[in-house]
Structure formats: structure tokens, C-alpha cells
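Enquirer: Quick check, what structure comes out for this input:
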Amino acid sequence: MIMRTTMLIILIALALPAHSQAPVAVAERTITRGEVATRVSLFSNHVVVVTVRRGDEQDFFRRLTLPEDQYMVYLASFQTAANELGEKPISSEVSTSNAEVVVSLHVGPDSPRVIRFSPMSGVDLPLARIMGALDDLELQVFEASPSAEAMRVWEPKEGDRVELMNGTLATVVEIWDDGLLILEHEQTYVRESVAPLMRDQVILRVLEPEP
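Expert: As a prediction, the model looks like this:
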């Protein structure tokens, strides 16, 4: 009963809105192979961030905000697996000189907890579930449109200029009550309608107003 109550308190705390506390990395993993390091992080404000660095250069950065229900599923999964982790969650040790996995957990009875092991090592089932959940999150971010996060928070106005996925430019000329956008392509003046759920499939980015 005490364990269940403690778990509920942690879940509620980590599910609080972002303005009530600084975001915490609920679970994070960095896989390093040679000079390339790939990090996936799930934060308590529902944001997933994936970065890929090669040496000192950042090759990839993308963030994605999960819906509340999806975030809670991942949070509960990490909490349950963290509670089941033993003292030695690595079932077989394999040494590699230029590759390493680092998993950081801010849930569970021993949080914050950091686990380091080789990508070639065998892992126990709870850690395997954590790795699987992080794999899922990383894939979601890689497969998401590069403008998904920006389109989620964008509040379009008539006159906004945008760059489209095909590299052309357009201007917002109408905004319907249901969120439908009417774009007028520059140079051709052809008009195109874009449904709210299709914005990140059509629009790459919103251009800054010209001074």
C-alpha cells in the first residue's frame, strides 16, 4: 500500500504542468559509438528531445510534445520498470572501448539513478523495457515532421509568410473558423487550403517579418 501511494505521488508530481516546476528529465539515454552520441530525453513537461552529436558538432536536434495520455503511459511504464530494477540490472558484461550506453532515471526508489553499460551487454527484463520505451520515443521524434512542434504552438495571422516543404514561399491570406488556412503562393499566386492537422506536412517554417 505504501509503495502504491508513493508511486502515485511521484506520478502526480511528474505530471504537473510545466509552469509549476522546472522540467525534470524523467528518463534519459545517451548511446555513444565512437564520436557519435545520440541522446533521447523525456521531460516532465511532456517534451521528448533527441540530439545527435558528432564530436563537438550537433548534427540533429528535434523536440516533440506528447499528448497527456501518451505521456502518462510512458511515465507509468518507466516507474514500474524502475521499481523492478535490481542492484545489477546488467545480466552479462561485455567490454567495449569506444561504445557506451548511459541511462538516467528520475523515477523509482533509487532515483536519481545512472546505469552505464556496453551496447553489447545483456540486460535484465526491467531495463530492457526501459530501453524499449526509449527506442519508441526516439523513433517518434525521428519520424515526426521537422515542423511538428513549431506548428503545434503557431497562432497564424493573415499576412504571415511561410516556407513550404517543397522550398517555395506562401502567404496566409485567410483563416477559417475551423482553423483551415488559405495560402497564396508567391510568384504563381495559386491558392492552397491547408487543414489544421496537415500544417506540419505542408509548412516547413514561419518566416520572420521583414524589418
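
Enquirer: do you know how far Arg39 is from Ile175?
Expert: Distance, Arg39 to Ile175, by C-beta to C-beta, to the nearest Å: 38 Å. (Each C-beta comes from the backbone N, C-alpha and C, glycine too.)

Enquirer: I meant Arg152, not that one.
Expert: For Arg152 relative to Ile175 (C-beta to C-beta), the value is 17 Å.

Enquirer: Ok, Ala128 next?
Expert: From Ala128 to Ile175 the distance is 48 Å (C-beta to C-beta).

Enquirer: What count of nearby residues applies to the nearest residue to Pro196 once chain neighbours are set aside?
Expert: Ranked by C-beta to C-beta, 6 or more residues apart in numbering and with sequence neighbours excluded, the top spatial neighbour of Pro196 is Gly179, at 3.8 Å. By other C-beta atoms under 10 Å, 12 other residues sit near Gly179.

Enquirer: Offset the numbering so it begins at 6, please.
Expert: Fine by me, first position is 6 from now on; the one you just mentioned is Gly184.

Enquirer: What score does Gly184 have for pLDDT?
Expert: You'll see Gly184 listed with a pLDDT of 95.

Enquirer: residues contacting the closest residue in space to Val99 that isn't next to it in sequence?
Expert: Distances taken as C-beta to C-beta, 6+ apart put Met125 closest to Val99, at 3.9 Å, once the chain neighbours are dropped. Going by C-beta atoms under 8 Å, 6 or more residues apart in numbering, Met125 touches 99, 101, 104.

Enquirer: In space, what's closest to the second one - neighbours in sequence excluded?
Expert: In space, and not counting its chain neighbours, Thr101 is closest to Ser123: 4.4 Å by C-beta to C-beta, 6+ apart.

Enquirer: ok, Arg157 and Ile180, which is more surrounded?
Expert: Shown here are Arg157 and Ile180; by other C-beta under 10 Å, Ile180 has more neighbours (15 against 11).

Enquirer: that older thread, among the contacts of Met125, name the ones in strands.
Expert: Among the contacts of Met125, the residues falling in strands (DSSP state E) are Ala104.

Enquirer: Closest to Pro151 out of the contacts of Met125?
Expert: Ala104 (28.2 Å; C-beta to C-beta).

Enquirer: who's that closest one bridged to?
Expert: Arg38 (DSSP bridges).

Enquirer: With Thr35 as the reference, measure out to it.
Expert: Taking C-beta to C-beta, one finds Ala104 at 11 Å from Thr35.

Enquirer: Look up how far Leu47 lies from Tyr76.
Expert: From Tyr76 to Leu47 the distance is 8 Å (C-beta to C-beta).

Enquirer: brain fart, His190
Expert: For His190 relative to Leu47 (C-beta to C-beta), the value is 39 Å.

Enquirer: Check for me that Asp205 belongs to a helix.
Expert: Yes: assessed with DSSP: H, G, I helix; E, B strand; the rest coil, Asp205 lies in a helix.

Enquirer: Which positions in stretch 147-160 come out as buried?
Expert: 149-150, 152-156, 159 (16 or more other C-beta atoms under 10 Å).
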